[in-house]
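*Asks:* Got a predicted structure here, sequence first:
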Amino acid sequence: MSAMTWSPEAVEPAQLQKALRAEWCSCLFFPLSCLARSWRSESRLPDVTPPEPVESPRSEEPEWTPFVVDVGSYQLRGGWARDEDPSVAFRCVTGRPKPTLGAAATARLLAERSDDGATVAGSQCEGVEALLDVSEPCGADAVTDWDGLAGLFRAATPDDATTLLIAAPLGAGRPDDAPFAKFAADALDHSFETLDRLDAVAVVSAAPLAMFAAGLVEGAALCVGYHRTVAALVTHGAAERCAALPVGGADRLPDDTALDALFGRPDPLHTALLPVLADRHPDEIAALATLHLSGGASFFEAYRPRLQAGLAHHPRLASLRCEHAPDAFAAWRGAAVVGHSPQFTSWITRDDFAEHGPARAASFFTL
């Protein structure tokens, strides 16, 4: 096994997760503000003394750059970690020809639109929705169609990508959470099976990524996704705790009805944000200063004012000021910062995967 990975016989997964996360936060990735890219600069990494070399794809291939995929329940975004913006962004949907379409029309449609001869994925569905049974692979709580999501990976990932970094959906939670472990194991399994050119894969939690894009490793975050809203307290570059509620922007318009639904019961303040700050002293909450908003539904025109008004009426949260991510690509950019950093070495190689299996391999993702 390569030195960039782990020895499963040496330590229990829970102990190794704790140790790796502490090492990542204290000496490898701090300060993240140094790693956050200057979006109009040619260089994405700071001018600092590099760490000791590690045996990884970088040492074998100097121009090595991962391809980053941010999996949302509404939209999938993909692009090279070195780039400013994702190169592809399309609805996270797949379609299969309707049984009533007829054999000849089905064959023609799949020949024109399908990569695997059975499923039409992502942007290939556009304009032919009437001919397809369209579904969303990512539901509110979990991935419901891994074959469909693997098809989206195939559609988004270029042929010359050999390393893939996957940002998990919001519903997966933190690396310590069972949903994340299951998502990571399934992602490894389907990625290596679907994309035979891949040499290594890593999976990271979505909760802190928008903050990483802004160069921050501490603070409170609220991400309002398509199916789910997640609050996170980020400390030392990792989500210390998360709270999720099954309320998002799905099938809602940016009007008062949508906001009433988003701020109904359960609401993001009492059910998500307060639990992650429950044991924090008011002075600690005041020191956070900013609540970082991200996710497509947070861009509803009245969402931020409505949330700020709610904070103002709550004694423990009144000191927080809402601040938006610049656009809906913040989580992808944060994942790209992680993937492009030479300090990030939590890659599972194809050999590691074959030797230890998806569940054991996935247990060593720590961010």
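*Replies:* Perfect, I can see it now. Numbers count the residues shown, from 1 in each chain.
*Asks:* The nearest residue to S191 once chain neighbours are set aside: which element?
*Replies:* Counting by CB to CB, 6 or more residues apart in numbering, S191 lies nearest to V201, which is 5.0 Å off, once chain neighbours are set aside. From N, CA and C alone the C-beta is placed, and that goes for glycine too. Assigned by DSSP states H and E, V201 belongs to strand 200-204.
*Asks:* same check, this time on A187
*Replies:* Residue-wise, A187 maps onto helix 178-194 under DSSP H and E.
*Asks:* Check which helices and strands that helix sits against.
*Replies:* Helices and strands touching helix 178-194, by 3 or more CB pairs under 8 Å, 6 or more residues apart in numbering; DSSP states H and E, are helix 146-156, strand 163-167, strand 200-204, helix 350-362.
*Asks:* Which one of the ones you listed lies nearest to A210?
*Replies:* Nearest to A210 among the helices and strands packed on helix 178-194 is strand 163-167; the distance by CB to CB comes to 10.4 Å.
*Asks:* how far is that closest one from where the chain is centred?
*Replies:* Using CA atoms, centre = their mean, to the nearest Å, the mean C-alpha position of strand 163-167 is found 9 Å from that of the whole chain.
*Asks:* swap in stretch 286-303?
*Replies:* With CA atoms, centre = their mean, you get 18 Å for stretch 286-303.
*Asks:* Output it in CSV, but only the C-alpha positions, please.
*Replies:* This file holds the C-alpha atoms of stretch 286-303, laid out as CSV (Å, rounded to 0.1, in the frame of the first residue of the first chain):
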residue,chain,number,x,y,z
ALA,A,286,-21.0,37.1,19.7
ALA,A,287,-17.4,36.4,18.8
LEU,A,288,-18.6,34.4,15.7
ALA,A,289,-20.0,37.6,14.4
THR,A,290,-21.2,36.2,11.1
LEU,A,291,-23.6,33.5,10.0
HIS,A,292,-22.4,32.4,6.5
LEU,A,293,-25.2,31.6,4.1
SER,A,294,-24.9,29.4,1.1
GLY,A,295,-27.1,27.1,-1.0
GLY,A,296,-29.4,28.1,-3.9
ALA,A,297,-32.5,28.6,-1.9
SER,A,298,-30.7,31.2,0.3
PHE,A,299,-30.6,33.4,-2.7
PHE,A,300,-34.4,33.9,-2.6
GLU,A,301,-34.7,37.7,-2.6
ALA,A,302,-36.2,38.0,0.8
TYR,A,303,-34.5,35.1,2.5
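*Asks:* buried ones in it?
*Replies:* 288, 290-300, 303 (16 or more other CB atoms under 10 Å).
*Asks:* got a list of contacts for it?
*Replies:* With CB atoms under 8 Å, 6 or more residues apart in numbering as the test, stretch 286-303 has contacts from 72, 74-75, 170, 210-211, 214, 216, 218-226, 229, 248-249, 252, 254, 256, 258-259, 262, 273, 304, 307, 311, 319-325, 328, 330-331.
*Asks:* For E126, the count of nearby residues, please.
*Replies:* For E126, the count of nearby residues is 12 (other CB atoms under 10 Å).
*Asks:* what's the spacing between it and T94?
*Replies:* Remark: distance between E126 and T94 (CB to CB, to the nearest Å) = 12 Å.
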